[in-house]
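> coords please:
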Amino acid sequence: QVQLQESGPGLVKPSQTLSLTCTVSGGSITTTSYCWTWIRQPPGKGLEWMGAIGYSGDTFYRSSLKSRTSISRDTSKNQFTLQLSSVTPEDTAVYYCAGGTSRSLYSVLRNDYEHWGQGTQVTVSS
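Coordinates of the predicted model:
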């Protein structure tokens, strides 16, 4: 079955760039009509949709994060990557990658996605 695994540093200093990679196994990130998404959950808050990359490479971003966010992919490694620049302690969260059909675009509902990673804690602190 399809599995997603997030990887990256658990601690990032303020003003630096957070970089996370999601490795997809058991399926292809170029599967037609699929979107591959980054979602985060700050402590004590709900899930926040951050952005996505579609099967053809199109990218979609949350408007409030667009100036700091970049999502890219490496099809040879079946991975997609999140970069979030100029981080502050408010970016401390559990970061998830998820995959689903086009209906999942912009959604934070777990049932709208076929696949979720287990999540990775990222703390922004000096």
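> And the residue most central in space within the chain, how close does it get to residue 7?
Nearest to the mean C-alpha position of the chain, by CA atoms, centre = their mean, lies residue 38 at 2.0 Å. Taking CB to CB, to the nearest Å as the measure, residue 38 falls 13 Å from residue 7. No exception for glycine: its C-beta is placed from N, CA and C like everyone else's.
> that older thread, any idea how far the residue nearest to the centre of the chain is from residue 126?
24 Å.
> The residue at the greatest distance from the centre of the chain: what's it in contact with?
For the chain, the largest distance from the centre (CA atoms, centre = their mean) belongs to residue 126, which lies 23.3 Å off. By CB atoms under 8 Å, 6 or more residues apart in numbering, residue 126 lies in contact with 13, 14.
> so how far is residue 16 from it?
Distance check for residue 126 against residue 16: by CB to CB, it reads 10 Å.
> picking that back up, the residue nearest to the centre of the chain in helix, strand or coil?
Following DSSP: H, G, I helix; E, B strand; the rest coil, residue 38 is assigned to strand.
> show me what contacts it?
20, 22, 50, 51, 52, 71, 82, 95, 96, 97, 98.
> And it, how far from residue 91?
From residue 38 across to residue 91, the span is 12 Å (CB to CB).
> now swap in residue 29 and tell me
According to CB to CB, residue 29 stands 25 Å off from residue 91.
> Repeat that for residue 125.
Separation of residue 125 from residue 91 (CB to CB) stands at 11 Å.
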